[in-house]
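In: Provided below for reference: sequence and predicted model.
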Amino acid sequence: MSGPILGICGILVMFAMLFLLRIPAAVTMALVGFSGIAYITSFEAAISMLTTDLWNIFSSYGLTVIPLFILLGEFVHYAGYNNSLYYATYKWFGHYKGGLAMTTIMASAAFSAISGSNTATAATMSAVAIPAMKQYNYHPALNAGAVAAGATLGVLIPPSIVLVVYGLYTGQSIGKLFFGNIIPSVILTALIALTVIYICYKHPDWGPRGPKSTWIERIKALPAAIDILVLFCVVMAALFTGIVTATEAAAVGCALALFICLIRKKLSYKGFRASLIDTLRISCMIFLILAGAVIFGRFLTLTRLPFEAAQMISALSLPPWVVLWLILFCYIIGGCVMDALAFLLVSLPIFYPLVLQLGYDPIWFGQVITIVTTMGSIMPPIGICCYVVSGMSDIPLATVFKGGIYYIPSYILAIIILMLFPYGTVMVLSDLVK
């Protein structure tokens, strides 16, 4: 059996184990990858090769950036800043038609700027926003859809854990990825907010107006939002100037977040302990997925499938943009049936060499696939954010998916804008990072 054929068989076996046997992605990638390497070489060679690879990766100092950014988000979460951010944005936008839904999206974007997790944002905003929108008789589809779509910003807005893992896996600068992500994040957030306006225009009774707040009430609600803004700016400024590495910037962010939470008397000992436990749990999950992806990626490299696929597609003489859309279509389908991070790491060994050969910038490509994969988190059949929202409320899953579908065009339009203006949307800021 030739190498590329063996690689294709490995991919098919992996997906069969994922969907038929329901084995976790990390374990599936590790089992299939190790078995394939042992088949190509030998059992002893596979053990030796993978031991060296895994040690080289997991002994890396730079990998500590993942638990540090997660811990930063957990501090903010358990300090209750989610409620404060929602309250602040509600005072400013709640009196518009669909204002509570837009408030949810804006608060999700603000919380995502520190959290970096879509599931954490979905769980947090479900508990805060859904009861408030029910109180003002918002339609369940608009209610749940706004929370689910807003939660997807947790994967996109820095410090996005997906972008961190992408940078570590591909060797790209995390600082450049974060700054290149600022304009795409603003674009997608604005498009999602505009979708709320469109929904309320099409269904005027879905999002009634809330009471209008006075200017004094609006100004009094700002301090919590300012805390998050200061925290975000300090981390991004540290990365931008190049004074510190991404890991050191994450450590500074953790220390500052803890300091702010303690000064404001928002974080109890119980919350501090829960932050550490959740950080450990989430970090271990990510590291297991990363380990499985490393093993599976080594297997695909040995089969030469990525290189053969790149050569075959190049021989077809298709325009690069056509090939790119085929790749993005695979990411959309993959994002629908797998966790975004898991599918990203499964697919990078296949598509990343091809994207580089087509001449696309790796920083720009990271932004595009982050948007595409996070779109899958509100699409059936998996739609992890929709499951979280439904589980945190009494809204049926079908209604949540119905509400989420309204926002799909926002993601597609954002991708098109990034493709039409790659420099003006991504490279203009990422190139400034030292």
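Out: Sure thing, it's come through. Residues are numbered from 1 along each chain as shown.
In: list the buried residues in stretch 69-83.
Out: 69-82 (16 or more other CB atoms under 10 Å). For the C-beta atoms, the positions are set from N, CA and C on the backbone; glycine is no exception.
In: return the subset of the residues you listed lying in helices.
Out: Cross-referencing these against helices under DSSP state H gives 69, 70, 71, 72, 73, 74, 75, 76, 77, 78, 81, 82.
In: related to what we said a few turns ago, now tabulate the buried residues of stretch 69-83 in TSV and tack on pLDDT and distance to residue 94.
Out: Listed next are the buried residues of stretch 69-83 as TSV, based on pLDDT from 0 to 100; distance: CB to CB, whole Å:
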residue	pLDDT	distance to residue 94
69	80	31
70	81	31
71	86	32
72	83	28
73	78	25
74	82	28
75	86	27
76	81	22
77	78	23
78	83	25
79	82	23
80	77	19
81	76	18
82	70	16
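In: and the furthest pair within the residues you listed?
Out: The most widely separated members of the buried residues of stretch 69-83, counting by CB to CB, are 69 and 80 (19.6 Å).
In: any chance of the buried residues of stretch 69-83 in JSON lines, plus distance to residue 312?
Out: Formatted as JSON lines, the buried residues of stretch 69-83 follow (distance: CB to CB, whole Å):
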{"residue": "69", "distance to residue 312": "38"}
{"residue": "70", "distance to residue 312": "39"}
{"residue": "71", "distance to residue 312": "44"}
{"residue": "72", "distance to residue 312": "44"}
{"residue": "73", "distance to residue 312": "42"}
{"residue": "74", "distance to residue 312": "45"}
{"residue": "75", "distance to residue 312": "49"}
{"residue": "76", "distance to residue 312": "47"}
{"residue": "77", "distance to residue 312": "46"}
{"residue": "78", "distance to residue 312": "50"}
{"residue": "79", "distance to residue 312": "52"}
{"residue": "80", "distance to residue 312": "54"}
{"residue": "81", "distance to residue 312": "50"}
{"residue": "82", "distance to residue 312": "48"}
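In: and which of these is nearest to residue 159?
Out: residue 69 (4.4 Å).
In: which of the three states applies to the closest residue in space to that closest one that isn't next to it in sequence?
Out: Nearest residue to residue 69, sequence neighbours excluded (CB to CB, 6 or more residues apart in numbering): residue 159, at 4.4 Å. What DSSP: H, G, I helix; E, B strand; the rest coil gives for residue 159 is coil.
In: quick check: phi and psi at residue 159.
Out: Backbone torsions of residue 159, given as degrees, to the nearest 10, read phi -90, psi 90.
In: do the same with residue 80
Out: Note on residue 80: its backbone torsions stand at phi 80, psi 20 [degrees, to the nearest 10].
In: my guess is it contacts residue 268. True?
Out: No - counting by CB atoms under 8 Å, residue 268 is not a contact partner of residue 80; they are 9.8 Å apart.
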